[in-house]
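In: what follows is a predicted structure for the sequence shown.
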Amino acid sequence: MSKYIFVTGGVTSSLGKGIVAASLAKLLQARGFKVTIQKFDPYINIDPGTLNPYEHGECYVTEDGAETDLDLGHYERFLNVPTSQANNVTTGRIYQHVIQQERAGAYLGKTVQVVPHITDEIKRRMLLLGQTGEYDIVITELGGTVGDIESLPFIEAVRQLRWELGNNDSLVIHLTLVPYLAAAGELKTKPTQHSVKTLLEYGIQPDILVCRTEHKLTQEIRKKLAQFCNVNINAVVESIDASTIYDVPLNMLKEQLDKTALAKLKLSTKQEPDLTSWKAFLGKLKNPTDEIQIGLVGKYVELPDAYKSIVEAFIHAGAVNETRVKLKYIAAESVNDENVADKLKDLDGVLVAPGFGERGLEGKLASIKFVRENQIPFFGICLGMQCSVIEFGRNVLGLKGANSVEMDENTPHPVVNLMEEQKNITNMGGTMRLGAYECEVKKGTKAYASYGKAKISERHRHRYEFNNDYLKQYEEAGMIASGINPETGLVEIVELKNHPFFVAGQFHPELKSTVANPHPLFVSFVAASLANKKS
């Protein structure tokens, strides 16, 4: 029988429910339990695939091709266990399913209502992962904050489930804010009291309070919170601001969050958590021997969350190289042929980021031309790879007007073309080439030197591909296809022969980088950038 932990949030969004859930899962995993995390999001989009990154941060893609919330990235990076379609559910998906059932006549003429039909479907999905028999504990994070209209059916589903599961098989952790008022010089518990009161109105008594705070909680404040919110004093957990999210599991260990949760679930706390490798990673992360500056050229740079996985992959790769990676965000639109040298000066390496649409394209091309000609390490991801192909076509092969069909339907040289299976697709959502695909890496290439093996699998999210009609021309001029999909012949990786490091992939390597397994291409790119700095 799986046990269930539900994580709710109050007072304000962005308190870090995902990080707290992932940290607790990490501690339970380190104690030998099999754990998974799922995220229930209250918005009506079927998935975040059609959302602008400014709205919701990056769209994280799983092995099985689900476009999901960026919190699933945290789950994978912390636990080193892949997630799937089942780990992210939205209101849109729930309603879509119930309406399809109603149209098919599944409810036998009954009036379809939020309770019981919507809540039953939510409960069914909350229990799915637990019923596989693969997990001892399933942690469910509920998006949004308590009191939102949208999240009411989810809260009601949790209330019903707790009643059905019985006392020791589920618990609720409520994450809340204890703000510090500088003028009064004190922490305030009232917002937390209100938040718990709202939760109680919906019939849920939280078992554990996790309090986000900038200052330490005194014993007096803990006592006050315990008293007003009906929880044990040892179940009031301080979550103080940390210098890195990777500190949070150790902070939660100090606060005994895992012990308190296990005691409430009547599970053994005998085995102490083994966090040796985690601590070793943190040691390297916090004591770098070098520092490099990498330029990240993209179109959503005002919101770093749009490139969350890339940022984290650099943290993992930096730790391996014992190097602090400082990212300089460069808006692609602000770069042109005249100012590119000024914009990219003092950088040890440049990454051109993924994205969609024409905005910022010329800035990306100018950046790639500059790093190619000046032998600066370059890493291109998805659209970044396509841009490197366009730039090479225009400036080395002399293909005037070479472009991607995405940017210019009538280009005389469509060096990047719409994939064959994409040509008759009209719907936007969930229709790209998504999820994990095989790739064969050629020996003797930089990509092979990074991976150390010929067969790899990487995650994708794109509609356009390198046009193989031009492959011979490119290879003769020095840009080689070092990674190919064995089934379709699709070019997955391109690189330049005579360049210290110029590698670009059609896939998203950042999605597979975890604390335990930093991504080899990021590790190599950081090493190349460090070598460039030293030379």
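Out: Nice, I can see it.
In: show me what contacts the closest residue to residue 528 other than its chain neighbours?
Out: Nearest in space to residue 528, with sequence neighbours left out and distances taken as C-beta to C-beta, 6 or more residues apart in numbering, is residue 501 at 3.5 Å. The way it works is simple: take the backbone N, C-alpha and C, and place the C-beta from them, glycine included. Taking C-beta atoms under 8 Å, 6 or more residues apart in numbering as the criterion, residue 501 is in contact with 349, 377-379, 446, 524-525, 528-529, 532.
In: pLDDT score assigned to residue 501?
Out: pLDDT, the model's per-residue confidence, is 95 for residue 501.
In: distance of it from residue 375?
Out: 9 Å (C-beta to C-beta, to the nearest Å).
In: now for these two: what residues contact both?
Out: Contact criterion C-beta under 8 Å, 6+ apart; residues bridging residue 501 and residue 375 by contacting each: residue 532.
In: who are the packing partners of whatever helix or strand residue 342 lives in?
Out: In the assignment (DSSP states H and E), residue 342 maps to helix 340-343. Applying 3 or more C-beta pairs under 8 Å, 6 or more residues apart in numbering; DSSP states H and E, one finds that helix 340-343 makes contact with helix 361-373.
In: so what strands line up beside the very next helix or strand once past the helix it packs on?
Out: On the C-terminal side of helix 361-373, the nearest following helix or strand under DSSP H and E is strand 378-381. Based on DSSP bridges, the pairing partners of strand 378-381 within the sheet are strand 349-352 (parallel), strand 502-505 (parallel).
In: out of the ones you listed, which is closest to residue 343?
Out: Checking the strands paired with strand 378-381 against residue 343 by C-beta to C-beta gives strand 349-352 as the closest, at 9.9 Å.
In: need the CA coordinates for the closest one. PDB is fine.
Out: Coordinates of the C-alpha atoms in strand 349-352 are reproduced here as PDB (Å, rounded to 0.1, in the frame of the first residue of the first chain):
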ATOM      1  CA  GLY A 349      31.800  30.700 -24.000                       C
ATOM      2  CA  VAL A 350      28.400  31.400 -25.600                       C
ATOM      3  CA  LEU A 351      25.200  29.300 -25.600                       C
ATOM      4  CA  VAL A 352      22.400  30.100 -28.000                       C
END
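In: quick one: low-confidence residue ranges for the stretch 1-150 of the chain.
Out: Applying pLDDT under 70 to the stretch 1-150 of the chain picks out residues 56.
In: try it again at 80.
Out: Residues of the stretch 1-150 of the chain that meet the criterion pLDDT under 80 lie in 47-57.
In: where do the helices of it begin and end?
Out: Under the criterion DSSP state H, counting those that start in this stretch, the stretch 1-150 of the chain carries helices at the ranges 17-30, 53-56, 71-79, 91-103, 119-128.
In: any chance of those in CSV, with distance to residue 356 and mean neighbour count too?
Out: What follows is these, written out as CSV (distance: least, C-beta to C-beta, whole Å; neighbours: other C-beta atoms under 10 Å):
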stretch, distance to residue 356, mean neighbour count
helix 17-30, 25, 25
helix 53-56, 10, 15
helix 71-79, 19, 25
helix 91-103, 21, 16
helix 119-128, 30, 18
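In: and of those, who's closest to residue 228?
Out: helix 17-30 (21.3 Å).
In: tilt between the closest one and helix 71-79?
Out: In this structure, helix 17-30 runs at an angle of 30 degrees to helix 71-79, with axes from the mean of the first three to the mean of the last three C-alpha atoms, to 10 degrees as the basis.
In: could I get the helices of the stretch 1-150 of the chain as CSV with distance to residue 368?
Out: Shown next, in CSV, are those (distance: least, C-beta to C-beta, whole Å):
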stretch, distance to residue 368
helix 17-30, 34
helix 53-56, 21
helix 71-79, 26
helix 91-103, 38
helix 119-128, 44
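In: next one: the lowest-mean-pLDDT helix or strand in the chain to chain centre, how far?
Out: Of all the helices and strands that make up the chain, the one with the lowest confidence by mean pLDDT, DSSP states H and E is helix 53-56; it has a mean of 71. A distance of 13 Å separates the C-alpha centroid of helix 53-56 from that of its chain, computed with C-alpha atoms, centre = their mean, to the nearest Å.
In: how about stretch 302-318?
Out: Once both centres are worked out by C-alpha atoms, centre = their mean, stretch 302-318 turns out to sit 9 Å from its chain's centre.
In: how about it: buried residues?
Out: Of all the residues in stretch 302-318, those buried under the rule 16 or more other C-beta atoms under 10 Å are 303, 306-318.
In: now do stretch 178-186
Out: Of the residues in stretch 178-186, those scored as buried under the neighbour-count criterion (16+ other C-beta under 10 Å) are 178-179.
In: CA atoms of it as CSV?
Out: These are the backbone C-alpha positions of stretch 178-186, laid out as CSV (Å, rounded to 0.1, in the frame of the first residue of the first chain):
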residue,chain,number,x,y,z
VAL,A,178,5.9,34.2,7.7
PRO,A,179,6.8,37.7,6.6
TYR,A,180,9.2,40.0,8.3
LEU,A,181,8.1,43.6,8.9
ALA,A,182,11.2,45.8,8.9
ALA,A,183,9.4,48.8,10.4
ALA,A,184,8.2,46.7,13.4
GLY,A,185,11.3,44.6,13.4
GLU,A,186,9.4,41.3,13.8
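In: so where do the strands sit in the stretch 51-200 of the chain?
Out: Along the stretch 51-200 of the chain, counting by DSSP state E, counting those that start in this stretch, strands occupy 60-61, 67-68, 88-90, 137-142, 170-177, 180-181, 186-187.
In: out of the strands paired with strand 378-381, which one sits most buried?
Out: Mean neighbour counts were taken over the strands paired with strand 378-381 using mean count of other C-beta atoms under 10 Å, and the top value, a mean of 28, falls to strand 349-352.
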